[in-house]
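Participant: The following comprises the amino acid sequence and a computationally predicted model.
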Amino acid sequence: MVYLVGLLGKWSMLDVFVCALLIVLTQSKSYISASPRSGLFVFTAAIALSMVVSILVERLVKRPQPA
């Protein structure tokens, strides 16, 4: 289960990339507008923290247990 969470955590930044791509693509259209707001930055921070936590959990699982 830890391996699966680590694998999915690497793909979670794809959401942030899609949001940024949509903002860039809509800047050239006059009838559509989008701008980054605080929610995008909070979402990015949450994804980054999720990745850090999954890395730490993987390290804890792989660490040898004391006898």
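Facilitator: Looks like it came in fine.

Participant: Could you use CA atoms for every contact and neighbour count after this?
Facilitator: Will do.

Participant: contacting residues around stretch 2-22?
Facilitator: With contact meaning CA atoms under 8 Å, 6 or more residues apart in numbering, stretch 2-22 is reached by A34, L40, F43, T44, I47, A48, S50, M51, S54, I55, V57, E58.

Participant: let's see 10 Å
Facilitator: For stretch 2-22, the surrounding residues in contact (CA atoms under 10 Å, 6 or more residues apart in numbering) are 1, 23-25, 33-36, 40-41, 43-44, 47-48, 50-58, 61.

Participant: what pLDDT, on average, does it get?
Facilitator: For stretch 2-22, the mean pLDDT works out to 75.

Participant: Same check on stretch 36-52?
Facilitator: For stretch 36-52, mean pLDDT is 82.

Participant: Buried residues of the helix ranked longest in the chain, list them for me.
Facilitator: Ranked by residue count and defined by DSSP state H, the top helix of the chain is helix 38-62. The neighbour-count check on helix 38-62 (16 or more other CA atoms under 10 Å) flags T44, I47, A48, S50, M51, S54, I55, V57 as buried.

Participant: and those as JSON lines, adding distance to L14?
Facilitator: Compiled in JSON lines, the buried residues of helix 38-62 are given as follows (distance: CA to CA, whole Å):
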{"residue": "T44", "distance to L14": "10"}
{"residue": "I47", "distance to L14": "10"}
{"residue": "A48", "distance to L14": "12"}
{"residue": "S50", "distance to L14": "13"}
{"residue": "M51", "distance to L14": "12"}
{"residue": "S54", "distance to L14": "16"}
{"residue": "I55", "distance to L14": "18"}
{"residue": "V57", "distance to L14": "21"}
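
Participant: of all those, which two lie farthest apart?
Facilitator: Spatially, the most separated pair among the buried residues of helix 38-62 is T44 and V57, at 20.1 Å (CA to CA).
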